[in-house]
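# got a predicted model here, sequence first, then my questions.
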Amino acid sequence: MSLAGNDHAILITILCSALVTYALRIGGLLLAERLPASGRAKVFMDALPGTILISLIAPGIAASGVWGGAAALATAGCVYKTGNVFLSMLIGVGIVAVSRQLM
């Protein structure tokens, strides 16, 4: 297999991306012991994963319109009521699939 000029750049980009990714992971592990164990900063750090998750999900729900909102509410309600995440995801996906068939 021979690599053309652009293929070298692609390979270097992939390798550099992998190095940066693993450097960030190792950095997080090394810095974890310096995180605060109490106080406001700890409360903030504990809430951070949920806020990141919502910031990733909210634009998709908004872009899906009313049906996306209904699916999200049904999914959240089902997981709250039953605790079954798989069933909740099936219900949400089902609502979106039915809405797309109706449109």
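Ah, there it is. Just so you know, these numbers come straight off a predicted model, no measurement behind them. Residues are numbered from 1 along each chain as shown.

# quickly find the element holding Gly68.
helix 40-82 (DSSP states H and E).

# now that helix: average pLDDT?
On average, the pLDDT along helix 40-82 is 91.

# check which helices and strands the following helix or strand past it sits against.
Later in the chain than helix 40-82, the nearest helix or strand by DSSP H and E is helix 85-102. Applying 3 or more Cβ pairs under 8 Å, 6 or more residues apart in numbering; DSSP states H and E, one finds that helix 85-102 contacts helix 40-82. All C-beta spots, glycine's among them, are computed from the backbone N, C-alpha and C.

# give me the angle between the helix it packs on and helix 85-102.
Relative orientation of helix 40-82 versus helix 85-102 (axes from the mean of the first three to the mean of the last three Cα atoms, to 10 degrees): 70 degrees.

# how far is helix 40-82 from where the chain is centred?
Here helix 40-82 shows a centroid-to-chain-centroid distance of 10 Å under the convention Cα atoms, centre = their mean, to the nearest Å.

# same thing with stretch 32-41?
When C-alpha coordinates are averaged (Cα atoms, centre = their mean), stretch 32-41 and its chain have centres 24 Å apart.

# go on, stretch 90-103?
The answer for stretch 90-103 is 21 Å, by Cα atoms, centre = their mean.

# so what's Met1 scoring on pLDDT?
If you check Met1, the pLDDT there is 53.

# same question for Ile91.
96.

# how much space between it and Gly77?
Taking Cβ to Cβ, to the nearest Å as the measure, Ile91 falls 9 Å from Gly77.

# looking at these two, which is more packed in?
Comparing Ile91 with Gly77 by neighbour count (other Cβ atoms under 10 Å), the higher total belongs to Ile91, at 18 against 12.

# quick one: contacts for that one?
71, 74-75, 78 (Cβ atoms under 8 Å, 6 or more residues apart in numbering).

# who's in contact with Ala32?
Ala32 touches nothing, counting by Cβ under 8 Å, 6+ apart.

# next, the distance between the ends of stretch 27-45.
End-to-end distance for stretch 27-45, by Cα to Cα, to the nearest Å: 16 Å.
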